[in-house]
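# got a predicted structure plus its sequence, pasted below:
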Amino acid sequence: MHNDIQEVLISEEEIQAKIRELGSKLSAEYEGRNPLVICVLKGAFIFMADLVKTITVPLELDFMAVSSYGASTKSSGVVKIIKDLDVSVEGRDVLIVEDIIDSGLTLSHLIEMLQNRKAKSVAVCTLFDKPARRTVDLQADYTGFVLPDAFVVGYGLDYAEHYRNLPYIGILKPEIYSK
Ligand SMILES: O=P(O)(O)OC[C@H]1O[C@H](OP(=O)(O)OP(=O)(O)O)[C@H](O)[C@@H]1O
Ligand code: HPA
Ligand SMILES: [Mg+2]
């Protein structure tokens, strides 16, 4: 285990098993529909890579980079688009892939934007959800794990850009935040 981690919440094996489950649900749902799968960078990059390998229907993918946390454990409330999509979503079945839903601000902003751009359907698949922290009314269509109200890192999730490469989800030692 990484020296800065106090506790592993979800192991690598549990994450991978859950992703296979999500992949088979999504494969059934999107049969014959050629979805456009959108990865919300940076956090969702590992989940996206593992998830699409478990989806068996033809699909296309694209990437968007947004940021609302910066080097903080609290959302700024302002969702900044750092990189927009390369392709049009008009008339497409869009599946947004997120690592985590916390306040819900990032996703509610994205969903509204994709609907304004006339996507045919917009669904959300998130690996982690912290419903206790929601400030807007939002629910994912597919959820991997429900988490307690604690700041977590690993499997794509960062604290000040670190720990994204950990293959599990963990809680940082408190002294790391106060450095
Ligand atoms: O529901 P919310 O409160 O909006 O929080 C969730 C969002 O916050 C994180 O991204 P962040 O802004 O930290 O960017 P990153 O993915 O580049 O780390 C995470 O990856 C989600 O996109
Ligand atoms: O718990 C979290 N960890 C890392 N990034 C985040 N963005 C929203 N919630 C979190
Ligand atoms: Mg972040």
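All right, it came through fine. Ligands and ions are numbered 1, 2, ... in the order given.

# got the residues of the protein near ligand 1?
Taking C-beta under 6 Å from any ligand atom, the part of the chain that reaches ligand 1 is made up of 40, 42-43, 67-69, 75, 98-106, 158. All C-beta spots, glycine's among them, are computed from the backbone N, C-alpha and C.

# what about 8 Å?
40-44, 65-70, 75, 79, 98-107, 130, 133-135, 156-158, 161, 164 (C-beta under 8 Å from any ligand atom).

# considering only the residues you listed, which also neighbour ligand 2?
Restricting the residues of the chain next to ligand 1 to contacts with ligand 2 (C-beta under 8 Å from any ligand atom) yields Gly43, Ser68, Tyr69, Ser75, Asp99, Ile100, Asp102, Ser103, Lys130, Arg133, Leu157, Asp158.

# just those: which are in strands?
Applying DSSP state E to these, the entries found in strands are Asp99, Ile100.

# rebuild the ones next to ligand 2 among the residues of the chain next to ligand 1 as TSV, extending it with neighbour count and pLDDT.
Listed next are these as TSV, based on neighbours: other C-beta atoms under 10 Å; pLDDT from 0 to 100:
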residue	neighbour count	pLDDT
Gly43	24	95
Ser68	17	74
Tyr69	18	62
Ser75	18	65
Asp99	26	97
Ile100	24	96
Asp102	25	93
Ser103	18	91
Lys130	20	96
Arg133	16	91
Leu157	23	97
Asp158	17	95
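
# name the nearest of the ones next to ligand 2 among the residues of the chain next to ligand 1 relative to Ala140.
Ile100 (10.1 Å; C-beta to C-beta).

# skipping adjacent residues, who's closest to that closest one in space?
Nearest non-adjacent residue to Ile100, counting by C-beta to C-beta, 6 or more residues apart in numbering: Phe128, 4.2 Å away.

# what about the one you found, how many residues nearby?
Phe128 is flanked by 25 other residues according to other C-beta atoms under 10 Å.

# give the bridge partners for it, please.
Here Phe128 sits in beta bridges with Ile100, Phe145, going by DSSP bridges.

# confidence score at it?
Looking at Phe128, its pLDDT stands at 98.

# any idea how far the residue in the chain that ligand 1 sits nearest to lies from Glu98?
At 2.7 Å from ligand 1, Gly43 is the closest residue in the chain, using C-beta to the nearest ligand atom. Using C-beta to C-beta, to the nearest Å, we find Gly43 at a distance of 7 Å from Glu98.

# I appreciate the help and will end here.
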